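J.: Task: produce atomic coordinates for the following.
(2 chains)
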Amino acid sequence: MNEPKKRIDGKALYAWRLAAWVSAAVYFVIVAALVVLTWKFGWPWWIAAAAAGAAILAAIIEIMILPRLHYEQWRYEILEEEIELRHGIFIRKRTTIPMLRIQHVDTKQGPFLRKYGLATVSFATAAGSHEIPALTQQDAESVRNQIAALARVSDEEL
Amino acid sequence: MKNYNPETQRTDTSPVKQRLHIVSLIFFIGGAVKNFIYPLAALLISYFVRNGIEGIWSSGIIALAALLIIVAGYISWLRFTYSVQDGMVNIESGVFVRKNVWVSSDRVQSVDLTAGVLHRMFGILKLQIQTAGGNQAEVILNGISKAESNRIQEALLRKTQPDVHAAANTEEPVVQAPAEQGANARPDADEKLQLTGRNLFIYSITSGTIGIVLAVIGAAYSQLHKWLNQALDLDHMTWEQLTLWKGTLFAAGLLLAAWIIAVFITIQKEYGFTLERTGGRLKMERGLLERKEVSIKLRRIQAIQLQKNLLRRPFGFVSVYAVIAGYSGKDDKSALLFPLIREQELDAFLQRFVPHLKVSQDWETLSGKALTSYLWPSLLVSALITGLTLSLLPGPWIWLALALSALMLLYSWLQYKETAWSIQGDQLAIRYGAFNRCQALVPKRKIQWHSTSQHFFQRRKQLASLKVALPSGKGAAKYSILHLPEETAIQLKQWITQRHG
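T.: This next block holds a predicted model:
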């Protein structure tokens, strides 16, 4: 069986990293608050130290490692009869969604994706929805149109 | 307005708007109580705190509040109307915010009729219509007569009769709707099966309801603990006084009581369970005090689940569940189709009621390579528990930890033994479970999406997992086969992807 080949857009890395930097900033604020409280109320210092360590570790993983792995693993393919997705870092997952089962297609954009002109395409079936993250806006648009054109009215109702 | 007259409905082109039965005023008042209870309670309490509780004024205020609630209930009852026109049900409700709901018969997943004790005293019913979307019923008519419910079902049925899917699925000639006949002349069922009293008893004594009862007793005990302590003077009755045999006796008594309650609850619920098929429709009826009737279209059934729980397994009894898009009854993902049936009768049962599905044979089981994949998670947890117990809780606790570990390993090993799959025609069957035994019969064309997954250890052993997803009552019903050979996973994936035809 052919593996899906198309990659998501490379700018996704920047968008994800930016999002990770923001969450790192949130961690920093929490740790700072903890340090202030520790100083004021005389809590044991190891709590703040452990929190700081965990925050730094999490930030490094989220900024440096996860976006890259995530990007490397993501593949998709939109065929005549179905959509194929492949993703996952530790558990590699291959999902097939027949065109006939797709009920509607959306594109959506968060603030980070918008900054880099990216969008996420999601398609819903009667048993949950799936998405392709971070395509360029043109790609997202064409994927959406392609799916909408291929997903004819299903012959099998629920 | 209230009494339905068939003649006026025939001649009028615009449907007649009807109100619910006057008894249902009680439910509307109940609803009003629920809506106003917090603001009213706040108001009353603030009044009493300021002015103190004094005879006449206080009772006057309370009477006024009660009157307000009754009037509010009455108005909302008055403003609730429904109408039925061929294949469409329309409900208008709300006092300030008017809500208008239309449901077309093509989208109806199930029609539920319930009659609680109060309903039965006045001969009324609660009718609920569910469509595929959302969790709760779109249409709830709490309080209509039997004739009215028949009329509504007829109206919904009439539109659906020329439905080719249903006819194609069942190979049975679709009974032509008696369009010109009265609402009471409904076609007889093609197939009918009633749960015998003996089987009801067996079902009840082996049901898992005892777990729920024990949980309720436990919750009640933790709430009443203080009160019980004072009443029974438990503080003075120390653990030393509570000898071993007394404790055992107490526990056994509690279990027995819970079990008896559970048996009665189950009998109440499933009493006189009857399954009927008329053309492309299934109807389930049940209940002792509260009667319940559910009717669904056969083609809405996404999959059948056959369950043998631990207690029923040795006797070869199976419970049949159906996964239905948008309908789950009170159960989570699937609805009970028939409580108890002998394994030998299953073939004939499916033939009669769900003809497009069959009992599967020729099961393929896992290869020996998969065994370790099943065992290592529980081995890991066992090691952790045993290690922690050894270091933190010395003494006899270690035996408990060891027993727990043994149980976990047994569970995983049974999971490995149970897991199997089979393909017959267009049907995929998946067997799973451990102490309880389950089978899912899935028609290929109902699968919404499927996926295979592989983690690092699976990749090394060339194993993979397969998952298929179907629409169900709440979200998706997903069935997985864990750790099957990689090439089998690919074959199954290809088989699912191939168009049926």
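
J.: can you give me the strands in the stretch 101-250 of chain B?
T.: B:108-115, B:124-131, B:139-145, B:191-194 (DSSP state E, counting those that start in this stretch).

J.: Including mean pLDDT, could those go into CSV?
T.: As requested, the strands of the stretch 101-250 of chain B are exported to CSV (pLDDT from 0 to 100):
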stretch, mean pLDDT
strand B:108-115, 86
strand B:124-131, 88
strand B:139-145, 90
strand B:191-194, 92
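
J.: Looking at those, which is nearest to chain A?
T.: In terms of Cβ to the nearest Cβ, the element of these nearest to chain A is strand B:108-115, at 7.6 Å. Every residue, glycine included, has its C-beta placed from N, CA and C.

J.: Low-confidence regions, chain A specifically.
T.: For chain A, the stretches with pLDDT under 70 are A:1-2, A:151-158.

J.: domains in it, as residue ranges please.
T.: Domain assignment for chain A by automatic domain parsing gives A:12-71, A:76-150.

J.: Now find how far off-centre the shortest one is within its chain.
T.: With Cα atoms, centre = their mean, to the nearest Å as the basis, the distance from the averaged C-alpha position of domain A:12-71 to the chain average is 20 Å.

J.: now do stretch B:27-47
T.: Here stretch B:27-47 shows a centroid-to-chain-centroid distance of 32 Å under the convention Cα atoms, centre = their mean.

J.: tell me the average confidence for that stretch?
T.: Mean pLDDT, stretch B:27-47: 84.

J.: Only C-alpha atoms, please: export that stretch in CSV.
T.: Extracted in CSV, the C-alpha atoms of stretch B:27-47 (Å, rounded to 0.1, in the frame of the first residue of the first chain):
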residue,chain,number,x,y,z
PHE,B,27,-44.3,18.3,34.6
PHE,B,28,-44.4,21.9,33.5
ILE,B,29,-44.9,23.0,37.1
GLY,B,30,-42.1,20.7,38.0
GLY,B,31,-40.0,22.4,35.3
ALA,B,32,-41.0,25.8,36.7
VAL,B,33,-39.9,24.8,40.2
LYS,B,34,-36.6,23.8,38.8
ASN,B,35,-36.2,27.1,36.9
PHE,B,36,-37.2,29.4,39.7
ILE,B,37,-36.0,27.5,42.8
TYR,B,38,-32.7,29.3,43.2
PRO,B,39,-33.9,32.9,42.7
LEU,B,40,-37.0,32.2,44.8
ALA,B,41,-35.1,30.6,47.5
ALA,B,42,-32.6,33.5,47.6
LEU,B,43,-35.5,35.9,47.7
LEU,B,44,-37.3,34.1,50.5
ILE,B,45,-34.2,33.6,52.6
SER,B,46,-33.2,37.2,52.3
TYR,B,47,-36.8,38.2,53.3
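
J.: Quick one: residues in contact with it.
T.: Contacts of stretch B:27-47 with the rest of the structure, by Cβ atoms under 8 Å, 6 or more residues apart in numbering or on different chains, involve B:61-62, B:65, B:68-70, B:72-74, B:76-77, B:80, B:142-143.

J.: Mind splitting chain B into its structural domains?
T.: Per automatic domain parsing, the structural domains of chain B span B:197-270, B:365-501.

J.: any chance you could map the helices in chain B?
T.: B:6-11, B:25-51, B:55-78, B:117-121, B:146-160, B:164-170, B:197-205, B:209-232, B:244-270, B:346-353, B:369-392, B:397-418, B:456-461, B:486-497 (DSSP state H).

J.: So for A:Ala49, which of those helices sits nearest?
T.: Evaluated over those, closeness to A:Ala49 peaks at helix B:369-392, with 25.5 Å, by Cβ to Cβ.

J.: Dump the domains of chain B into TSV; add mean pLDDT, distance to B:Tyr47 and mean neighbour count as well.
T.: Supplementary listing: the domains of chain B in TSV, determined by pLDDT from 0 to 100; distance: least, Cβ to Cβ, whole Å; neighbours: other Cβ atoms under 10 Å in any protein chain shown:
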stretch	mean pLDDT	distance to B:Tyr47	mean neighbour count
domain B:197-270	80	30	13
domain B:365-501	91	44	17
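
J.: and the contacts of stretch B:27-47, which are buried?
T.: For the contacts of stretch B:27-47, a burial check counting by 16 or more other Cβ atoms under 10 Å in any protein chain shown picks out B:Ile69, B:Ala72, B:Gly73, B:Ser76, B:Trp77, B:Phe80, B:Asn142, B:Gly143.

J.: Next to chain B in this structure, residues from chain A, please.
T.: Residues of chain A that fall close to chain B, judged by Cβ under 8 Å from any Cβ of the partner chain: A:1, A:81-82, A:88, A:90-98, A:101, A:125-128, A:130, A:156-158.

J.: Mind checking which of the residues you listed are buried?
T.: Applying 16+ other Cβ under 10 Å to the residues of chain A next to chain B, the neighbour count classes A:82, A:88, A:92-98, A:101, A:125-127, A:130, A:158 as buried.

J.: out of the residues you listed, which are inside strands?
T.: Of these, the ones assigned to strands by DSSP state E are A:Glu82, A:Arg92, A:Lys93, A:Arg94, A:Thr95, A:Thr96, A:Ile97, A:Pro98, A:Thr125, A:His130.

J.: of those residues, closest to B:Lys17?
T.: A:Thr125 (37.7 Å).

J.: ok now do the closest one, which residues does it touch?
T.: Contacts of A:Thr125 (Cβ under 8 Å, 6+ apart): A:Ile97, A:Arg101, A:Ile102, A:Gln103, B:Gln448, B:Trp449, B:Ala469, B:Pro471.

J.: Quick check: the gap between the fifth one and B:Ser480.
T.: Think B:Gln448. To B:Ser480, B:Gln448 is 15 Å away according to Cβ to Cβ, to the nearest Å.

J.: between the strands of the stretch 101-250 of chain B, which gets nearest to B:Phe250?
T.: The nearest among the strands of the stretch 101-250 of chain B, by Cβ to Cβ, is strand B:108-115 at 38.4 Å.
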